[in-house]
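J.: Sequence and predicted structure, then a few things I'm wondering about:
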Amino acid sequence: MMGSNTSGNVVNTCPVGIATQDPHLRMKFAGQPEHVINFFYYLAEELRGYMAKLGFRTINEMVGRSDMLKVDDSLRTPKTQHLDLSEILKPAWKMRENVATYRVRQQDHKLYIRLDNKFIDEAEPALTKGLPVRIECTVVNTDRALGTTLSYRVSKQYGEEGLPKDTIHISMKGSAGQSCGAFLAPGITIELEGDANDYVGKGLSGGRLIVYPPRNSQFKAEENVIIGNVCLYGATSGEAFIRGIAAERFAVRNSGANAVVEGTGDHGCEYMTGGRVVVLGTTGRNFAAGMSGGIAYVLDTAHTFASKVNQQMVELDTVTEPREIAELRSLIEDHRHYTRSEVADRVLRNFHHLLPSFVRVMPLDYKRVLEEQAVRAKEDRLRLSVIDLVPSRTASQVDLASGVLEEILTPKEPNPPQVAPTKRHEPSVVDVEDSMADEASTKQRMQKLDKMRGFMKYTRLGEAYRPPRKRTKDWKELTTRLTESELKYQSARCMDCGIPFCQSDTGCPISNVIPKWNDLVFKGQWQDALNRLLLTNNFPEFTGRVCPAPCEGACVLGINEQPVGIKSIECAIIDKVSSDHIPLARPTTLISLSQGFEMGWMAPNPPTFSTGKRVAIIGSGPAGLACADQLNKAGYKVTVFDRNDRMGGLLMYGIPKYVTALSRVVRL
């Protein structure tokens, strides 16, 4: 089945090439249309099986048959035990005889009475001859998608370019229904005196939207919601000036429109990829979540905006560039001109004093692209401004006489034939300076590792077996270690896929939060990685060796590449703080045992309180020791009994030394 494995993916790292724009990743997509066809065949076949069990021949027979549903009383709770669902499950034909439960006639959408028909009729001079027209009307909240059909006519007649700005000006009064100005084409202006429901300017495609309260209203526009949720969703171009507050998810997925608003609800500018948004007021929480393009300017006079921003992909800064200041002021001036906004008027009268209060929200990747474009543009300007100093046929006589006339008139001696220099064949040997990199340069190189695309650039490193001649002479573990730099490369392969199956029920049986400590290892924060690991794992030095690693089998990267070396990294985390240089079955030893305990990372950690209760545990195997450790953390005094003369159970007597060194068990 075709499908993305990166739900909520906003980092462009889908390993199967679906939820990504990266050309290298898109090449990994192996899906074909026939796969979708086969999937629906299988789906239909499974559906026919269920229908046969219920005694239905067609889908129409199933529609409305709520009498076939039964209440599962085993799921009732004390709050729902007296809830009667019989009236909800009663089918319609039992309440009204011969009522239809599925579509038996074509639905009449009454498109012939839509307000857009009036717009098209009155805009005939503009549609046929390009002449400016002005239309006035009153709207109610059942008038939906106003201007959309008119935009279709404009696009059909004039293409993507549309008409010149403000050729068709529609003045409305009242409360507009959903999707007012959806897909509004260039050349159309909708001016609404009133308010509007959700999806205002959805897919805005070059038109202009102006919304403000009634002129005779007494309330403060900047303190009241005037348009609904998800406005400017997916807008590609155009302008919107909103005198008042927009509800939640304003400018979500905006990719090119410019907008000015006097406040927003939660999730403003979510997944925005282009355009400019100016907010002359407060915002809700989670502003700029997933924002990868465009710029937002927020007037933050209360200095509370930073706490409401999702700064995972953006940075906050002030507005300092002269060109950017001019653009910001121009948008606010347009907002005042079209809406007569009192807020915009106050801001413009005190613009230089309020300018430091504007916060610029800039996506990090977008900023990098703009900087690269600026550098290329500067290089192009320098290249075009170079003056050719070699005299040409069009040079003036003064220039020739002043400098090069003698050279031109004097006969030149023929140049001797030039012998091509012999090409020296030098061995491809690395410079001494490069081959003897110091520790500082090594760290600098490691810091440049690409975490975002590491799963594409770096291969999985396995643990090599020790030479047979050496490993047959001792009882030490069979494999060799990965170094700290190699582990950093391996942790860079974790792509933060969005659906970490590695820590779900199909992955880690003890619910280790694997992506978290993978990221901490990549950053070199080993102690934090250890603390994260110990939250869900009592003895990672043991589980990291004997666990069959279903997490690696559940790794999303393993769909078409080698999975992340999760087990290796997990074991390295604990070995880094407790290694005594005994070879282990997993990558490891980076500091000595004494150094690990001197750091205090693995020091005894008695509970801060005691319940006063004593617990006896029979058996000192993995389960017994884990249980004892957990009860000790809860404040119980624990005593562990075992029939053997040594603690450890299966760890001591059931696991060969070449899998886990017994000194790991003894030191506990």
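T.: Perfect, thanks for sending it. Numbers count the residues shown, from 1 in each chain.
J.: Hmm, Met313 and Asp365 touching each other?
T.: Yes. In this structure, Asp365 is within contact of Met313 by CB atoms under 8 Å, at 7.4 Å. Yep, even glycine has a C-beta here, placed from its N, CA and C like the rest.
J.: For these two, indicate the residue with more neighbours.
T.: Higher neighbour count among Asp365 and Met313: Met313, with 18 against 15, using other CB atoms under 10 Å.
J.: can you list residues touching both of Asp365 and Met313?
T.: The overlap between the contact sets of Asp365 and Met313 (CB atoms under 8 Å, 6 or more residues apart in numbering) consists of Ser292.
J.: got the contact list for stretch 152-164?
T.: Everything outside stretch 152-164 that qualifies as a contact, by CB under 8 Å, 6+ apart, is 120, 123, 126-128, 130, 168, 183, 185-188, 205-206.
J.: Check the gap between Cys551 and Ile514 for me.
T.: 6 Å (CB to CB, to the nearest Å).
J.: list the residues that contact both of those two?
T.: 502-503, 507-508, 566.
J.: For those residues, pick the one with the most neighbours.
T.: For the shared contacts of Cys551 and Ile514, counting by other CB under 10 Å, the largest number of neighbours falls to Ile566: 30 neighbours.
J.: Can you tell me how far that one is from Arg493?
T.: 10 Å.
J.: what does Val140 give?
T.: When distance is defined by CB to CB, Val140 is 57 Å away from Arg493.
J.: between the two, who's got more neighbours?
T.: Looking at Val140 and Arg493 with other CB under 10 Å, you find the greater number of neighbours at Arg493, namely 27 against 11.
J.: how near is that one to Pro23?
T.: Arg493 sits 20 Å away from Pro23, taking CB to CB as the criterion.
J.: Out of the shared contacts of Cys551 and Ile514, which sit inside helices?
T.: Those of these mapping onto helices are Ile566, per DSSP state H.
J.: Quick one, which of the shared contacts of Cys551 and Ile514 has the minimum pLDDT?
T.: When those are compared on pLDDT, Gly507 comes out lowest, with 71.
J.: what sits against it?
T.: Neighbouring residues of Gly507 by CB under 8 Å, 6+ apart: 500-501, 514, 550-551, 553-555.
J.: Buried subset of those, written for PyMOL?
T.: Selection command for PyMOL covering only the buried members of the contacts of Gly507, criterion 16 or more other CB atoms under 10 Å:
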select buried, resi 500+501+514+550+551+554+555
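J.: Residue ranges in the stretch 1-150 of the chain under the pLDDT threshold?
T.: Along the stretch 1-150 of the chain, segments meeting pLDDT under 70 span 1-12.
J.: nope, the chain is what I was after
T.: In the chain the weaker segments, taking pLDDT under 70 as the threshold, are 1-12, 385-448, 481, 496, 498-500, 504-506, 541-546, 575-603, 650, 653-668.
J.: Glu136: which of the shared contacts of Cys551 and Ile514 is nearest?
T.: Sorting those by distance to Glu136 puts Gln503 at the head of the list, at 60.2 Å, by CB to CB.
J.: quick revisit: nearest to Lys79, of the shared contacts of Cys551 and Ile514?
T.: Using CB to CB, Gln503 is the member of the shared contacts of Cys551 and Ile514 that sits closest to Lys79, with 31.8 Å.
J.: Nice, that's everything, thank you.
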